[in-house]
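fold the following for me, if possible:
(2 chains)
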2 protein chains.
Amino acid sequence: MTIALYDLVGADEARPFSPHCWKIAFALAHKGLEFKSMPVRFTEIGKIETGAFKTVPVIRDGERLCVDSFEIALYLEDAYPDRPSLFGGEGGKALSRFVEKWAQATLTGYIGPSLLLEIHAALDPADQAYFRDSREKRFGRTLEETAKGREDRLEGFRASLLPLRLMLSGQPFIGGQTPLFADYIVAGFFQWARVISPFPLLAADDPVAAWFERCLDLHDGIGRRVPAAC
Amino acid sequence: MTIALYDLVGADEARPFSPHCWKIAFALAHKGLEFKSMPVRFTEIGKIETGAFKTVPVIRDGERLCVDSFEIALYLEDAYPDRPSLFGGEGGKALSRFVEKWAQATLTGYIGPSLLLEIHAALDPADQAYFRDSREKRFGRTLEETAKGREDRLEGFRASLLPLRLMLSGQPFIGGQTPLFADYIVAGFFQWARVISPFPLLAADDPVAAWFERCLDLHDGIGRRVPAAC
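Modelled structure (predicted):
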């Protein structure tokens, strides 16, 4: 049965952009599972299925509902053990948490503020009001003030990717010779940026950019089906 | 047969301090393998065994010689598959490379320069000359100049541990409920600092400090056998 992936979108339903939803789109494709992206806007998240969810991604797999990207990946690994593994064993599961937290600290911290205005511009009016209000409360200042200066911080952001860059000199994916969920955790954030903004997060000659291109090629180019923002 | 671990020391043979050698001491203990620490000074590394080695750790296991901490861990995992795993599967092996590079970028970058003078002070005279010469070439200035300002950079260093700190809110070890080689990769660096210097790298209430204490408790307290510097 086709799995439903509740997938965050803005005004254009064909451009899902949430990093966490993209992690799961990649993970479902990795497992070779058929799924349907169900577009949902920020202000519609509370209406998904039972109405109990506050975040996406949420998936419905038959009777089973599951929320939170890491929990969904664990569920898929358990429910479909004969499909390609997302973790490569218990050690991979545990260490993927480290990658998740590294991505949260390093990628969200720069990309989130930097994309605020372009995310806002991509939303429909009801979501725009919600987004401005919630993010201005979170950051304690206007979207415009928070987004300012991304060019000045870009060099520091690129430098903060050093662990990934060093690792890529020894193996093509975080998962080794082939990708694992850890790759999708990180790729989800770069895909978020790619779908939302033409701002050049990565220098063209950065090995991290080459790795992300490899990720976009995976699973019949599922990541490329949404064209980059321009 | 007892495995020989060539283990970097200074003037005091009872205080091995290399982060990379400590990774392997922890790993050997994790595997429950008997080993003997063979003290070696910087200027003696070229005289180990066949004379072909330029770095430690090196281990001799029967007829087998192995160099480089990650390679040694992979060797131990292959050679002793019935002992507790260091990686928890192939995914854990691949992702441990990410942890290694994170540690290299984040921990070596701060701890290395910060400890230079205390490492120098711990060495015997022949090693002191080698150490000063090689490190001053590497950093392009005197040891004193490089080590200066560690207090000013401490806050930034502690902030850079955020991925580890966030992860520890969900699990007690990088390896999950129990440690894996990834824990020893990171613990090796904190042990290096602990053996060399009383400088307080971590705030006492930092979850990273609590994790490191747990690491020191492992395997009959092998990490605590060398008292902290004072």
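
which parts of chain A belong to which domain?
Residue ranges for the domains of chain A, per automatic domain parsing: A:3-79, A:90-225.

the longest one near chain B at all?
In this case it means domain A:90-225. Yes: Domain A:90-225 reaches chain B (Cβ under 8 Å from any Cβ of the partner chain) through A:90-102, A:104-106, A:162-164, A:166-167, A:170-171, A:173-176, A:180, A:182. Backbone N, C-alpha and C define where each C-beta goes, glycine included.

any idea how far that domain is from the middle of the chain?
How far domain A:90-225 lies from its chain's middle: 7 Å, per Cα atoms, centre = their mean, to the nearest Å.

switch the domains of chain A over to a markdown table; also include mean pLDDT and mean neighbour count.
As requested, the domains of chain A are exported to a markdown table (pLDDT from 0 to 100; neighbours: other Cβ atoms under 10 Å in any protein chain shown):
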| stretch | mean pLDDT | mean neighbour count |
| --- | --- | --- |
| domain A:3-79 | 97 | 19 |
| domain A:90-225 | 97 | 19 |
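
a markdown table please, covering those and showing distance to B:Gly46.
Formatted as a markdown table, those follow (distance: least, Cβ to Cβ, whole Å):
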| stretch | distance to B:Gly46 |
| --- | --- |
| domain A:3-79 | 47 |
| domain A:90-225 | 26 |
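
ok, which of the ones you listed comes nearest B:Glu63?
B:Glu63 sits nearest to domain A:90-225 of all the domains of chain A, at 27.8 Å, using Cβ to Cβ.

just the terminal-to-terminal distance for the closest one.
32 Å (Cα to Cα, to the nearest Å).

do the same with stretch A:136-149
17 Å.

residues in contact with that stretch?
The contact list for stretch A:136-149 (Cβ atoms under 8 Å, 6 or more residues apart in numbering or on different chains) reads A:Pro113, A:Ser114, A:Leu115, A:Leu116, A:Leu117, A:His120, A:Arg132, A:Arg135.

does anything pack onto the host helix or strand of the fourth one? Which helices or strands?
Using DSSP states H and E, the element containing A:Leu116 is helix A:109-122. Under the contact criterion of 3 or more Cβ pairs under 8 Å, 6 or more residues apart in numbering or on different chains; DSSP states H and E, the helices and strands touching helix A:109-122 comprise helix A:125-139, helix A:143-147, helix A:150-160, helix A:181-196.

can I get that helix in PDB? Just the C-alpha atoms.
Provided in PDB are the C-alpha atoms of helix A:109-122 (Å, rounded to 0.1, in the frame of the first residue of the first chain):
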ATOM      1  CA  GLY A 109      21.800  27.600  13.000                       C
ATOM      2  CA  TYR A 110      23.000  29.200   9.800                       C
ATOM      3  CA  ILE A 111      20.500  28.200   7.200                       C
ATOM      4  CA  GLY A 112      17.400  28.800   9.200                       C
ATOM      5  CA  PRO A 113      17.900  32.500   9.900                       C
ATOM      6  CA  SER A 114      19.400  33.000   6.400                       C
ATOM      7  CA  LEU A 115      16.300  31.800   4.600                       C
ATOM      8  CA  LEU A 116      13.600  33.400   6.700                       C
ATOM      9  CA  LEU A 117      12.600  36.000   4.100                       C
ATOM     10  CA  GLU A 118      12.600  33.600   1.200                       C
ATOM     11  CA  ILE A 119      10.600  31.100   3.200                       C
ATOM     12  CA  HIS A 120       8.100  33.800   4.100                       C
ATOM     13  CA  ALA A 121       7.800  34.900   0.500                       C
ATOM     14  CA  ALA A 122       7.100  31.300  -0.600                       C
END
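
right, I'll leave it there.
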